[in-house]
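*Asks:* any chance you could fold what I've pasted below:
(one chain, ligands or ions: 1)
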Amino acid sequence: MHVEAHDLVKTYPPGVRALDGLSITIEPGEVFGLLGPNGAGKSTTVKILTTLARADSGTASVAGHDLARHPDRVRRAIGVVAQNSGADPLATARDNLLLQGRLYGVRGRDLRTRVGELLDRFDLAGAADRPVKGFSGGMRRRLDVALGLVHRPVVLFLDEPTNGLDPEARSAMWAEISRLAGSEGLTILLTTHYLEEADRLTDRLAIVDEGKVLVTGTADALKGSLRGDAVHVELSGDLDEALVRQAIGAVVRDVTVDGRVLSARADDGAAAVPGVLAALDRAGSPAAAVTVARPSLDDVYLRHVGRRFAEGVAR
Ligand SMILES: Nc1ncnc2c1ncn2[C@@H]1O[C@H](COP(=O)(O)OP(=O)(O)OP(=O)(O)O)[C@@H](O)[C@H]1O
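*Replies:* Residues are numbered from 1 along each chain as shown. Below is the predicted model:
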């Protein structure tokens with residue numbers, strides 16, 4: 001196992017329980033995602049596993065080293081890309097990489113070769129000798145990841161790697177992260193609050209909420225565990241929840257109501273729609289829009305957390 005954490009608890013003053021018994025295991029070579037809304041405890045998990053914060057209780061090992069007994073060995077074995085860039089904006093990309101390498105004891109020709117390799121791989125060779133302050137968001141983020149890799153870590157931590165990037169820069173970053181895991185056998189733990197990122201990029205993911213892992217698995221297995229189709233109905237006006245539930249309960253199952261949006265499941269979603277619409281009309285809450293879809297990670301999230309993901313992010 002490349003990362004193992006058992007029952008991590010972390011409380012910040014004044015009594016905020018950021019982690020409440022969080023456990024994960026990550027196999028070598030895996031891209032593992034921690035998916036959860038802001039405040040779920042993802043960054044705190046990364047801080048603890050990268051030795052930047054200490055858990056109140058629980059145990060963990062990273063790259064085979066016990067975190068409490070050998071934090072120095074853990075530090076040498078990992079690369080960390082934090083949410084905020086660690087690059088010096090006044091220095092060039094190349095100098096940032098050289099400095100980072102020296103901090104980790106990489107020197108001489110080995111360091112220069114490694115820096116050249118990373119500049120090429122992250123498509124920064126053309127901008128290598130320009131100060132970072134003129135870089136676009138995507139270039140900065142690519143440099144951040146390169147900085148985390150200079151000393152050839154075996155486990156890489158990426159905290160919200162594509163936060164704030166435009167769609168194009170985001171897909172370029174996804175491609176690079178997949179390639180890293182595939183070609184270098186690097187183990188990657190990434191945190192994200194983008195469902196699509198967790199879906200597309202991770203081999204396995206854990207849904208984290210209020211400092212705990214609610215469920216772990218591959219995105220496909222998690223989606224597959226929800227039988228049937230997801231039916232989402234947007235109602236045209238305010239609803240009497242009890243009445244609406246009673247009305248459609250015979251046609252669909254697992255009904256959840258979130259504001260004016262009603263979500264439910266049915267073995268054959270399309271076939272259930274006419275019955276749902278008729279029942280809503282009878283209940284005095286006509287539908288404004290209906291969608292039927294195969295289960296998404298958002299549906300998985302809803303099932304385990306009890307609210308839609310978008311709402312969780314806005315919390
Ligand atoms: N240094 C700190 N002092 C006090 N409370 C903190 C501190 N760091 C985090 N918290 C609180 O702990 C909880 C978990 O925060 P954490 O940053 O781990 O969540 P997160 O899932 O990474 O969210 P984000 O994506 O916003 O970073 C939140 O309630 C947060 O406000």
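*Asks:* C-alpha from now on. contacts and neighbour counts both.
*Replies:* OK.
*Asks:* burial check on Gly134, number of neighbours?
*Replies:* Residue crowding around Gly134 was assessed by other Cα atoms under 10 Å; the count is 13.
*Asks:* same thing with the one 5 residues further on?
*Replies:* Summarising burial for Met139: neighbours were counted as other Cα under 10 Å, giving 20.
*Asks:* secondary structure element holding it?
*Replies:* helix 137-149 (DSSP states H and E).
*Asks:* other SSEs contacting that helix?
*Replies:* Applying 3 or more Cα pairs under 8 Å, 6 or more residues apart in numbering; DSSP states H and E, we find helix 137-149 packed against strand 78-81, helix 93-103, strand 155-159, helix 167-184.
*Asks:* buried sites along it?
*Replies:* Applying a neighbour-count criterion of 16 or more other Cα atoms under 10 Å, one finds Gly138, Met139, Arg140, Arg141, Arg142, Leu143, Asp144, Val145, Ala146, Leu147, Gly148, Leu149 buried in helix 137-149.
*Asks:* among the helices and strands packed on helix 137-149, which is the most enclosed?
*Replies:* strand 155-159 (a mean of 25; mean count of other Cα atoms under 10 Å).
*Asks:* need the contact partners of stretch 232-243.
*Replies:* 257, 260-264, 283, 285-292 (Cα atoms under 8 Å, 6 or more residues apart in numbering).
*Asks:* got a quick PyMOL command for the buried subset of these?
*Replies:* Command for PyMOL that selects the buried part of these, burial taken from 16+ other Cα under 10 Å:
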select buried, resi 257+260+261+262+263+264+283+285+286+287+290+292
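*Asks:* is stretch 71-90 up against the ligand anywhere?
*Replies:* No - judged by Cα under 6 Å from any ligand atom, stretch 71-90 and the ligand are separated, with a smallest distance of 8.0 Å.
*Asks:* tell me the mean pLDDT for that stretch?
*Replies:* Taken as a whole, stretch 71-90 has a mean pLDDT of 92.
*Asks:* first to last residue in that stretch, what's the distance?
*Replies:* By Cα to Cα, to the nearest Å, the extent of stretch 71-90 from end to end equals 31 Å.
*Asks:* same check, this time on stretch 237-253
*Replies:* End-to-end for stretch 237-253, by Cα to Cα: 22 Å.
*Asks:* sorry, back to before: closest one of the buried residues of helix 137-149 to Met173?
*Replies:* Arg142 (7.2 Å; Cα to Cα).
*Asks:* hmm, the closest one is touching Phe122, no?
*Replies:* Yes - applying Cα atoms under 8 Å, one finds Arg142 in contact with Phe122, separated by 5.9 Å.
*Asks:* is it true that Val208 touches Asn38?
*Replies:* No - the pair Val208 and Asn38 does not pass the contact test of Cα under 8 Å, sitting 10.2 Å apart.
*Asks:* dump the helix holding Met139 to CSV, restricted to CA.
*Replies:* What follows is helix 137-149, C-alpha atoms only, in CSV (Å, rounded to 0.1, in the frame of the first residue of the first chain):
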residue,chain,number,x,y,z
GLY,A,137,-3.0,30.3,-14.9
GLY,A,138,-2.5,27.0,-16.8
MET,A,139,1.3,27.5,-17.2
ARG,A,140,1.6,28.3,-13.5
ARG,A,141,-0.3,25.2,-12.5
ARG,A,142,1.8,23.1,-14.8
LEU,A,143,5.0,24.6,-13.2
ASP,A,144,3.5,23.8,-9.8
VAL,A,145,3.2,20.2,-10.7
ALA,A,146,6.7,20.1,-12.2
LEU,A,147,8.0,21.6,-9.0
GLY,A,148,6.4,18.7,-7.1
LEU,A,149,8.2,16.2,-9.3
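*Asks:* now do it: distance to the chain's middle.
*Replies:* 18 Å (Cα atoms, centre = their mean, to the nearest Å).
*Asks:* contacting residues around that helix?
*Replies:* Contacts for helix 137-149 (Cα under 8 Å, 6+ apart): 79-81, 85-87, 93, 96-97, 100, 118-119, 122, 124, 132, 156, 158, 161-162, 164-166, 169-170, 173.
*Asks:* show me the beta-bridge partners of the spatially most central residue of the chain.
*Replies:* Geometric centre of the chain, nearest residue: Thr192, 2.4 Å, by Cα atoms, centre = their mean. Here Thr192 shows beta-bridge partners Leu35, assigned using DSSP bridges.
*Asks:* now do the same contact list for it.
*Replies:* Gly33, Leu34, Leu35, Gly36, Asp159, Glu160, Pro161, Ala198.
*Asks:* could you check how far the fifth one is from Leu186?
*Replies:* What that stands for is Asp159. From Asp159 to Leu186 the distance is 16 Å (Cα to Cα).
*Asks:* for the ligand, what are the nearby residues on the stretch 1-150 of the chain?
*Replies:* So far as Cα under 6 Å from any ligand atom goes, the stretch 1-150 of the chain lies against the ligand at Tyr12, Pro13, Val16, Ala18, Pro37, Asn38, Gly39, Ala40, Gly41, Lys42, Ser43, Thr44.
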